[in-house]
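>>> pasting a predicted model and its sequence here:
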Amino acid sequence: MATYYTEDHEWISVEGDAGKVGITKYAAEQLGDVVFVETPDVGKTVKKGDDMAVVESVKAASDVYAPVSGEVTEANAALADAPETVNESPEGDGWFCVIKLSDTGELDGLMDEAAYTAFCKGL
Amino acid sequence: MTMNNQGRPTAPTAASVASIETVSGSRGLLQHADLIFEIGTSETTGVDLPAPQNRTGRLGGVARKVPTGLPGLSEPEMVRHYMRLSQRNYAIDLGFFPLGSCTMKHNPRLNEKMARLPGFGDIHPMQPQATVQGALELIDELATWLKTLTNMPFVAMSPKAGAHGELCGMLAIRQALIARGEGETRKRVLVPASAHGTNPATAVQCGFVVDEIKANKRGRVDMDMLRAKLERTDDVAGIMLTNPNTCGLFETDIKEIADLIHAAGGYFYCDGANFNAIVGRVRPGDLGVDAMHINLHKTFSTPHGGGGPGSGPTVLSEALAPYAPVPFVVKNEDGVFSLVEEVEGEASESFGRMVAFHGQMGMFVRALAYMLSHGADGLKQVAEDAVLNANYIAAKLKTVMTPAFEGYCMHEALFSDAFTADGIETLDIAKALIDEGYHPMTMYFPLVVHGAMLIEPTETESKAELDRFCASLESIARRAAQGDDTLKGAPYLAPMRRLDETRAARKPVLKWVPETASTVAAE
């Protein structure tokens, strides 16, 4: 299993051709208390860079972009009633959805943890 | 200590009391106020009408059988209830309202007087047109002012707010694309990150797909990204750009942006919410704009924020004018004004009707009164003074706070939270401003600036008021930079202390239910 990061602060944890997607700890901290999450519908096809989910905090409403192209095979329904999970465990229980990758080659354009940490330091 | 001739001290005696809880719940002369549901009963009423005699009603079997349970109060109780609530309110008539992007300026009383003239205030939209010629002429004259100030050939007067005007403009664009036979293919609308938040919502509402353009380091549209997004042109419907943008900056490349969009076959929607910064100085028609709404309740001083309805007339270019909504006023050859109400004849290409009647008549009267009382030179000075005031604030505070961008701003000053110590946030600064007697500035918007604080003074604040405000904010900013933790508890002096916004959003209580033993236990 390998985890990749985007410049828009999403993470994707890939096993085989399936990737679990969420927003990073940095993003969750920047957003502040998350009060609402809209996850994508299961079965939806997304293209890399599409807005696929919405996360709303006391400060802002933001789009969450698909880090890769593929089909949404699972969505984290628990977030509807417990949006605070995104703050408590952004890179664990606060995951948004699982995407079945249509092109694993797209992962090459993403950052690994070290590169992402350096990227955040530069912000 | 001095005593008066009855032996009563004339000055307060020193006493130290940390906090005082009152029996009544009132705090000094600020009265305690319960919810109307808690004080009203369905048995109480302010009017005393005899029960109807010999009436069976005409509702057949659908008449309500159980009481509505709505609370009733006597007239004096009702008056006091709303008076007490109003004293908890903050208003432009009470103090400075630095809310960025909202243009909370003074509402001149002359406008109010004009709007109350019986010929404007007491008319009905369904009156015969022959009896309201003056009102129709007023709409036509206001339209002429708006067209002249913007150098645009047509204006749709009926939209009732800024976002409604956006909808009007985008529906006109959609209709124009349909007329070109490209309604199904041109679906992409470019929206810069520095645009107003309602812009992407409007585009989506009209069936378009939003394609975001990021801001460059100067807070303006990233032209390289725009050019890249326009490499493919056959799906481009247009662009929605706010100018000056939400960073309070003039989009210096606006003419080139307009040319690029037009070359791609799209239309240029300009969000005119910040027109107050350029009115009398810049005519959007000269910049290549195809549609722009004008907030009469911002630029032209009609009340807003609960004080009155908004009004968003939308100017349209030659290319979009045929698709304007009905109704609109026309002046006939014989000098008589009439309304074009149907999608036929000269309005046969109109996209239809947005509202039941003609628009916000009361706001039209106020806006025209404002224009006539200022004159063309006065309106120009409105923009100059609004920009001067914002730059005065920016200059006064730039050493204690962090300006978001270098250089002069337009009508609003924008700061980031980079100057605050760890643990102190924009929210804490905003709350501390309440203790100083000010409505907080706009915070956390625009999103492109970290912990944004957006301050719009408008032209109607005096230098003395701006100095007072800057002194307050400077003191709070210094405390924030030093990591003064007491800021986390602000406000201390407001009728309500800091509310739990997170809980209110996560577990909203949207309905009042009587407090019973079980609901108390559930808490």
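Perfect, I can see it now.
>>> need the helix or strand of chain A with the lowest average pLDDT.
strand A:61-65 (a mean of 90; mean pLDDT, DSSP states H and E).
>>> quick check: buried residues in it?
Neighbour-count burial for strand A:61-65, with 16 or more other CB atoms under 10 Å in any protein chain shown as criterion, is recorded at A:62, A:64-65. Bear in mind the C-beta positions are built from the backbone N, C-alpha and C, glycine included.
>>> and stretch B:279-292, by the same measure?
Using 16+ other CB under 10 Å as the test for burial, stretch B:279-292 gives B:279-280, B:282, B:284-285, B:287-292.
>>> can you list the residues of the stretch 301-450 of chain B near chain A?
Selection of the stretch 301-450 of chain B residues close to chain A by CB under 8 Å from any CB of the partner chain yields B:427, B:443-445, B:447, B:450.
>>> if we take those residues, which one ends up nearest to chain A?
Relative to chain A, the closest of these is residue B:444; by CB to the nearest CB it sits at 4.2 Å.
>>> for residue B:261, see how far away the residue nearest to that closest one when sequence neighbours are not counted is.
Leaving aside its sequence neighbours, residue B:444 sits nearest to residue A:59 (CB to CB, 6 or more residues apart in numbering or on different chains; 4.2 Å). Remark: distance between residue A:59 and residue B:261 (CB to CB, to the nearest Å) = 32 Å.
>>> and the nearest residue in space to residue B:129 that is not next to it in sequence, which of the three is it?
Counting by CB to CB, 6+ apart, residue B:129 lies nearest to residue B:338, which is 5.7 Å off, once chain neighbours are set aside. Secondary structure, DSSP: H, G, I helix; E, B strand; the rest coil: residue B:338 is strand.
>>> returning to that earlier point: contacts for the least confident helix or strand of chain A, please.
Strand A:61-65 has contacts (CB atoms under 8 Å, 6 or more residues apart in numbering or on different chains) with A:6, A:8, A:10, A:23, A:31, A:49-56, A:96, B:447.
>>> out of those, which are inside helices?
The helices, defined by DSSP state H, take in residue A:31 from the contacts of strand A:61-65.
>>> give me phi/psi at residue 111?
Defaulting to chain A. phi -100, psi 150 (degrees, to the nearest 10).
>>> need the contact list for it.
Shown in contact with residue A:111 (CB under 8 Å, 6+ apart): A:4-7, A:119.
>>> could you pull out the strands for chain A?
Here chain A has its strands, by DSSP state E, at A:2-5, A:10-15, A:18-23, A:34-38, A:45-46, A:51-57, A:61-65, A:70-75, A:97-101.
>>> about what we covered before: count the neighbours of the residue nearest to residue B:129 for me.
By the criterion of other CB atoms under 10 Å in any protein chain shown, residue B:338 has 14 neighbours.
>>> before we move on, what about the one 10 residues further on?
Residue B:348 has 9 neighbouring residues, counting by other CB under 10 Å.
>>> and it, what pLDDT?
pLDDT recorded at residue B:348 is 94.
>>> what of residue B:5?
Per-residue confidence at residue B:5 stands at 78 (pLDDT).
>>> counting neighbours, what do you get for it?
For residue B:5, the count of nearby residues is 5 (other CB under 10 Å).
>>> try the one 4 residues further on
Counted by other CB under 10 Å, the residues lying close to residue B:9 total 10.
>>> hang on, the earlier thing: which of the contacts of residue A:111 are buried?
Among the contacts of residue A:111, those classed as buried by 16+ other CB under 10 Å are A:4-6.
>>> around chain B, pick out the residues from chain A.
Residues of chain A lying close to chain B (CB under 8 Å from any CB) are A:30, A:33, A:35-36, A:56, A:58-60, A:62, A:83-84.
>>> for residue B:294, which non-adjacent residue is closest in space?
residue B:272 is the one closest to residue B:294 (CB to CB, 6+ apart), at 4.8 Å.
>>> I'd guessed the one you found sits against residue B:284; true?
Yes - applying CB atoms under 8 Å, one finds residue B:272 in contact with residue B:284, separated by 7.0 Å.
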